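> Fold the following for me, if possible:
(2 chains)
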Amino acid sequence: MAKMNYKKRFSDLEKRMVTSPDGEEFEVDPMKDYFSDARPKVHPPSKITPLENFMNWCRAESIYILGFGTGCGAIEMRPLMSPMYDAFRFGIHWRPTPRQSTVFVIGGYASVKTIKRIVRSYEQMQGPKWVIGLCSCTINGGMYWDSYNTVNRLDHYIPVDVYITGCMPRPEALLDGFTVLKKRIKEGRGEGSNEYAENFDWYKANQKKIIKSWDMPDYNW
Amino acid sequence: MERIIENIKKQFPLQDVNSDHGWFITCEKKDVISLLTHLKITGGFTHLILITAVDWIEEDRFQLTYLLNNPQLKIRLGLRTFIERSVWPDESEMQSAHHLWPAVKTYQRELHEMFGIDFPGSPEVNDPLILEYWDDIPPYRRDFDTKKYSEETYFPREGRGSNDPAEYMKSQLYPNEGGKSQDFPQEISKKSSGEKNA
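Residues are numbered from 1 along each chain as shown, chains lettered A, B, ... in the order given. From the prediction side, this is the model:
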């Protein structure tokens, strides 16, 4: 019964023939207007090493955060903006949309409903992009490890660069996590978006296993 | 409060009245909606706090609880009823009370999703609330094994250990005594009970 309702609700998004006021018939596919189903591409690092090093230094020193604050760990991100911790001195900024940001901070547990939004937001971000998993919930499920609705390992659904342990971690630990991420980027090891493109089928299979209301195309950006 | 309950008793057949932890009255399934209407309109219980369910799997029934509040007299009253517990994928049925309070429909949606209790006629009751298109046993039913489901579905990370809390605390607090620290209070109780019997 639920499945039928779902089909009815999204019937506007189905491909159909439309007649214009002039009597001309044409095909409309609303999903194509909003999404692309092209697969993500691997962008190999530049062969000129000094140039690549310089680029990595630039990337590491201007971290633009997209916060995903559905878990309890997200509350530890707000003090970083305050004068007490002042993350801006490390080149860390907060951005409101996925398109403008480079680092995705998952603040805590991810349920099935939120992992769908996480995947969509992650795919909308432009590469190179990195992911920080906050709290123990993103590592192994934390205190919700045997829950019916909470994802245990975030790195089976999107590639994760840095995990910050704690339940919940202090803002100092978060700052330290950013330092580790910076070091990683400068060493050229922050290849999360390329990893995602290379193992795209594996990630998609894992995502489709748990997300039962799959109403998105295989890739959208 | 007692006077209110006596008034209710005059008009509706109540199965049980319990005042251990707040006031709870129990009535039959068919009287629930009329009793709720009566309490709201003439009893002054204009505020619905929540609707919840309990799964009594041993007795093969669900308990539904409607918690009501009277803001003028500042008293609360719980209305309990028992409905038949069906085996999944059949759903238990209950009359809908969505015409009394607008918030009822959300509670009924939740109960339908989490317990598999259907409320025919309630708006949007078939739409998903938290779980999106769940196709297993409703997770709040007690025959649903949440740990097994999680292990099969969500790729558990290897290396997670667990300790029995009592054993772990004993080994941490009394490392030299071994098993004796736990036996100590038991021995006393055995002795004292033995003396009494003798």
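
> Now do the same for residue A:64: helix, strand or coil?
What DSSP: H, G, I helix; E, B strand; the rest coil gives for residue A:64 is strand.

> do the same with residue B:151
Assignment for residue B:151 (three-state DSSP): helix.

> where's residue A:108 relative to chain B, distance?
15 Å (CB to the nearest CB, to the nearest Å). Bear in mind the C-beta positions are built from the backbone N, C-alpha and C, glycine included.

> what about chain A, any weak spots by pLDDT?
A:1-10, A:31, A:34-35, A:220-221 (pLDDT under 70).

> I meant to write chain B there.
Residues of chain B meeting the criterion pLDDT under 70: B:178-198.

> who's in contact with the most centrally placed residue in it?
In chain B, the residue lying closest to the centroid (CA atoms, centre = their mean) is residue B:54, at 3.2 Å. The neighbours of residue B:54, taking CB atoms under 8 Å, 6 or more residues apart in numbering or on different chains as the test, are B:62, B:63, B:65.

> Which one (most neighbours) among these?
Highest neighbour count within these, by other CB atoms under 10 Å in any protein chain shown: residue B:62, with 23 neighbours.

> So the residue nearest to the centre of chain B, which state does it fall into?
Residue B:54 ends up strand, using three-state DSSP.

> For chain A, see how far away it is.
From residue B:54 to chain A the distance is 18 Å (CB to the nearest CB).

> ok so, going back, so of the contacts of residue B:54, which ones are in helices?
Judged by DSSP state H, these include no members of helices.

> which among those residues gets closest to chain A?
Chain A has its nearest neighbour among the contacts of residue B:54 in residue B:62, at 19.0 Å by CB to the nearest CB.

> ok, that closest one - contacts?
Neighbour list for residue B:62: B:53, B:54, B:55, B:56, B:82, B:83, B:84, B:85, B:92, B:115, B:117 [criterion: CB under 8 Å, 6+ apart].

> for chain A, what are the nearby residues on chain B?
B:126-128, B:130-135, B:139, B:144, B:146-147, B:149-151, B:153-157, B:160 (CB under 8 Å from any CB of the partner chain).

> again, only using 7 Å
Proximity of chain B to chain A (CB under 7 Å from any CB of the partner chain) is limited to residues B:126-128, B:130-133, B:135, B:139, B:146-147, B:149-150, B:153-157, B:160.

> Strands along chain B, start to end?
Using DSSP state E, the strands of chain B run over residues B:14-18, B:23-27, B:47-56, B:61-70, B:75-84, B:92-93, B:117-118.

> Identify the bridge partners of the residue nearest to the centre of chain B.
Residue B:54 has these beta-bridge partners by DSSP bridges: residue B:63.

> Break down chain B into its helices, ranges please.
Counting by DSSP H, residue ranges of the helices within chain B are B:2-11, B:32-41, B:104-114, B:146-153, B:165-173, B:180-197.

> Now do the shortest one: distance to the chain's middle.
Averaging C-alpha positions (CA atoms, centre = their mean, to the nearest Å) puts helix B:146-153 23 Å from its chain's average.

> Return the set of buried residues in it.
Buried residues in helix B:146-153, counted by 16 or more other CB atoms under 10 Å in any protein chain shown: B:149, B:150, B:153.

> Now tabulate these in TSV and tack on distance to residue A:38.
TSV is the format used below for the buried residues of helix B:146-153 (distance: CB to CB, whole Å):
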residue	distance to residue A:38
B:149	35
B:150	35
B:153	30
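
> Sort out which one of the residues you listed lies nearest residue A:155 for me.
Nearest to residue A:155 among the buried residues of helix B:146-153 is residue B:153, at 16.0 Å by CB to CB.

> which residues of chain A fall in helices?
A:2-9, A:30-34, A:49-61, A:112-124, A:137-140, A:171-186, A:192-198, A:200-210.

> is any part of the fourth one close to chain B?
Read it as helix A:112-124. Yes. Under the criterion of CB under 7 Å from any CB, helix A:112-124 makes contact with chain B via A:112, A:113.

> Kindly export that helix (C-alpha atoms) in CSV.
Coordinates of each C-alpha in helix A:112-124 appear next as CSV, following Å, rounded to 0.1, in the frame of the first residue of the first chain:
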residue,chain,number,x,y,z
VAL,A,112,18.6,5.6,6.8
LYS,A,113,16.6,8.7,6.1
THR,A,114,19.6,11.0,6.6
ILE,A,115,22.1,8.8,4.7
LYS,A,116,20.0,9.5,1.6
ARG,A,117,20.4,13.2,2.2
ILE,A,118,24.0,12.8,3.0
VAL,A,119,24.7,11.0,-0.3
ARG,A,120,22.8,13.6,-2.3
SER,A,121,24.7,16.5,-0.6
TYR,A,122,28.0,14.7,-1.0
GLU,A,123,27.4,14.2,-4.7
GLN,A,124,26.4,17.8,-5.2
